[in-house]
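[1] Turn this into a structure:
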Amino acid sequence: MEKRKEPSSSGPSIEQLLSKVPDTVQESYTLFQLQKKTLAEAADARELDTIIVASHLSTAIVNGLPVDLERCGVTEEIEKIVADVVRAPPINCDISQIVAIKEN
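    As a prediction, the model looks like this:
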């Protein structure tokens with residue numbers, strides 16, 4: 001499985017990228033990615049549900065921050081299943097059809 005890469009030395013730093021996300025995302029990201037806590041530990045520390053911390057990490061990814069997906073529980077097998085569903089009909093890489101992705 002390919003992990004999200006660190007921002008390149010010519011690109012923005014993690015600190016710069018973090019400054020572009022809400023404080024709550026920064027807190028969850030710091031606990032999980034930088035302090036290496038599990039999703040459950042980060043959620044407990046923040047008194048949030050695990051799914052909320054996971055959504056914060058997805059926001060971090062969208063904003064260019066590296067996230068260790070393997071530690072989130074996304075195995076190579078899961079990654080392959082999702083990629084295969086997205087590439088196959090009826091989706092054919094059209095991620096605007098998110099309902100069809102969820103159903104498959």
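[2] How is this structure partitioned into domains?
    Using automatic domain parsing, the domain parsing of the chain gives 1-73, 74-104.
[3] If I average pLDDT within each of the ones you listed, which one is lowest?
    Across these, domain 74-104 has the smallest mean pLDDT, namely a mean of 78.
[4] before we move on, back to that, just the domains of the chain: most buried one?
    Mean neighbour count, computed with mean count of other Cβ atoms under 10 Å, is highest for domain 1-73 among these, reaching a mean of 15. Just so you know, the C-beta spots here come from the backbone N, C-alpha and C atoms, and that holds for glycine as well.
[5] Was I right to think residue 33 contacts residue 66?
    Yes: the pair residue 33 and residue 66 qualifies as a contact (Cβ atoms under 8 Å) at a distance of 7.1 Å.
[6] if I look at the residue minimising distance to the centre of the chain, how far off is residue 92?
    Most central residue of the chain, judged by C-alpha distance to the mean C-alpha position with Cα atoms, centre = their mean, is residue 58 at 3.6 Å. Remark: distance between residue 58 and residue 92 (Cβ to Cβ, to the nearest Å) = 23 Å.
[7] which residues touch stretch 12-32?
    Contacts of stretch 12-32 with the rest of the structure, by Cβ atoms under 8 Å, 6 or more residues apart in numbering, involve 6-7, 34, 37-39, 41-42, 45-46, 48, 52-53, 56-57, 59-60, 63-67, 71.
[8] then that stretch to CSV, C-alphas only?
    What follows is stretch 12-32, C-alpha atoms only, in CSV (Å, rounded to 0.1, in the frame of the first residue of the first chain):
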residue,chain,number,x,y,z
PRO,A,12,4.3,23.8,1.7
SER,A,13,5.4,22.5,5.0
ILE,A,14,3.1,20.5,7.3
GLU,A,15,2.7,23.6,9.5
GLN,A,16,1.6,25.7,6.5
LEU,A,17,-0.9,23.0,5.4
LEU,A,18,-2.2,22.7,9.0
SER,A,19,-2.8,26.4,9.1
LYS,A,20,-5.3,26.0,6.3
VAL,A,21,-7.6,23.6,8.1
PRO,A,22,-10.0,24.2,11.1
ASP,A,23,-8.5,24.0,14.6
THR,A,24,-10.5,20.9,15.3
VAL,A,25,-8.9,19.1,12.3
GLN,A,26,-5.5,20.4,13.5
GLU,A,27,-6.0,18.8,16.9
SER,A,28,-7.1,15.5,15.6
TYR,A,29,-4.3,15.4,13.0
THR,A,30,-1.7,16.3,15.6
LEU,A,31,-2.8,13.5,17.9
PHE,A,32,-3.1,10.8,15.2
